[in-house]
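Chemist: Predicted model and sequence below, questions to follow.
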Amino acid sequence: MKTDELINTATALMAGDKGLLAMDESTSTANKRFEEAGIPQTIEYRRAYREMILTTPNLGRCLSGAILYDETIHQSTKKGELFIDILKKSGIIPGIKVDEGTVDMANFPGKKITEGLDGLRQRLEKYYDLGARFAKWRAVITIGDGIPTKGNIEANMHLLARYAALCQENAIVPIVEPEVIMEGDHSLKKCAKVTAKALKELFKQLEKQKVDLRGLILKPNMVLPGTKREKQADLDKVAKATVECLLHNVPPSVAGIAFLSGGQSPQLATAHLNAMHVKYKGKLPWPLTFSFARAIQKPALDAWKGQDKNVKAAQKLLYTRASLDNAARRGEYTPEMEF
Ligand code: 13P
């Protein structure tokens, strides 16, 4: 195992007040977001959208890494410059989503299992040659009547650990993402319980597969009440529940933690990250940052509308959103900083 290279990459990804941009939507997810925004769902529009993001001036000041999707890692700007070269020039480490999405799990009605281990070793070798230095795999855990179950959590966490081991074999830092989904009417307490269960099982499986935690990044959900819950929790309560859950279940040797936004509004995701830093400054064993997709991209996507004339305005919104997340990581964000 190339331990030094893994640790160096993981450390660079967690550096300073920077964070990650997830722009690794699968074709179907990207099309869904485009449909919602009234943008045509074609490969050229997806390429143009990713060009808008990656050519945002000074993006490297805010981001340490960006997660791409297989379609995007091979694409270029209209002028012919490879996206991956733009990232490298901006000092942003290229990453790649390698799971192949979720399917229904046999014998477990209503539950999902993530696919993508077949041929993964060869795909990782190819991605490393293209310049990717970290990867992402997402497992989905839904809270509902009688779910999730032990068997579903165990199977998903086992796959995450097998994926992480293969990444490290190829000098690629694994981001492991066990996402407890926000949708539902569950309480914050229930979300904390399920998140703790998933994390406990995840680190048990990672140990069994001999994964080196110093070269691994965890991408968890924040601990929140379900979206259908009438009473939402205040910022401090979410910050406390989330950080306590992580402190109890994530070993200190993990290189870092980078949150998904999960469908929270951009403002709320930023405010939650900020509250965690304000409350726990200097008391955390690992760096804590963002790896948002929707919470960074949404305002820019809505402003872009698929039209060249809107590129500059969209880029400004993207940069502003990412730099507000930098402020949150420093514990310096205030709602007055919103535009
Ligand atoms: P969101 O921030 O939109 O939840 O996406 C993060 C992600 O990478 C999901 O896999």
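Modeler: Cool, the structure landed. Quick caveat, the model's predicted, so the values are computed rather than measured.
Chemist: Contacts only, for the closest residue to Asn221 other than its chain neighbours.
Modeler: Spatially, and ignoring its direct neighbours in sequence, Asn221 is nearest to Val180 (4.8 Å; CB to CB, 6 or more residues apart in numbering). To be clear about C-beta, it is placed using only N, CA and C from the backbone, and glycine gets the same treatment. Contacts for Val180 were tallied using CB atoms under 8 Å, 6 or more residues apart in numbering; they are Ile141, Ile143, Cys191, Val194, Thr195, Ala198, Pro220, Asn221.
Chemist: now the third one: how far from Met276?
Modeler: Translated: Cys191. Here Cys191 is placed at a distance of 16 Å from Met276 (CB to CB, to the nearest Å).
Chemist: The first one now?
Modeler: Using CB to CB, one obtains 21 Å as the distance from Ile141 to Met276.
Chemist: So which of these two has more stuff around it?
Modeler: Between Ile141 and Met276, Met276 has the larger neighbour count (other CB atoms under 10 Å), namely 26 against 21.
Chemist: Give me the distance between the closest residue to the more buried one other than its chain neighbours and the ligand.
Modeler: Leaving aside its chain neighbours, Met276 sits nearest to Ala239 (4.4 Å; criterion: CB to CB, 6+ apart). As defined by CB to the nearest ligand atom, to the nearest Å, Ala239 lies at a distance of 18 Å from the ligand.
Chemist: What is the burial count for Ala239?
Modeler: 23.
Chemist: how far away is the closest residue in space to Lys279 that isn't next to it in sequence from Gly146?
Modeler: Nearest in space to Lys279, with sequence neighbours left out and distances taken as CB to CB, 6+ apart, is Ala239 at 5.1 Å. For Ala239, the distance to Gly146 equals 30 Å [CB to CB].
Chemist: Equivalent analysis for Met276, please.
Modeler: From Met276 to Gly146 the distance is 31 Å (CB to CB).
Chemist: Which parts of the stretch 1-150 of the chain are strands?
Modeler: Taking DSSP state E, counting those that start in this stretch as the criterion, the stretch 1-150 of the chain contains strands spanning 19-22, 63-68, 93-97, 102-104, 112-114, 134-141.
Chemist: so when I look at the residue nearest to Lys279, I'm seeing a strand, right?
Modeler: No - applying DSSP: H, G, I helix; E, B strand; the rest coil, one finds Ala239 to be helix, outside a strand.
Chemist: Could I get the contacting residues of it?
Modeler: So Ala239 contacts His272, Ala275, Met276, Val278, Lys279, Tyr280 (CB under 8 Å, 6+ apart).
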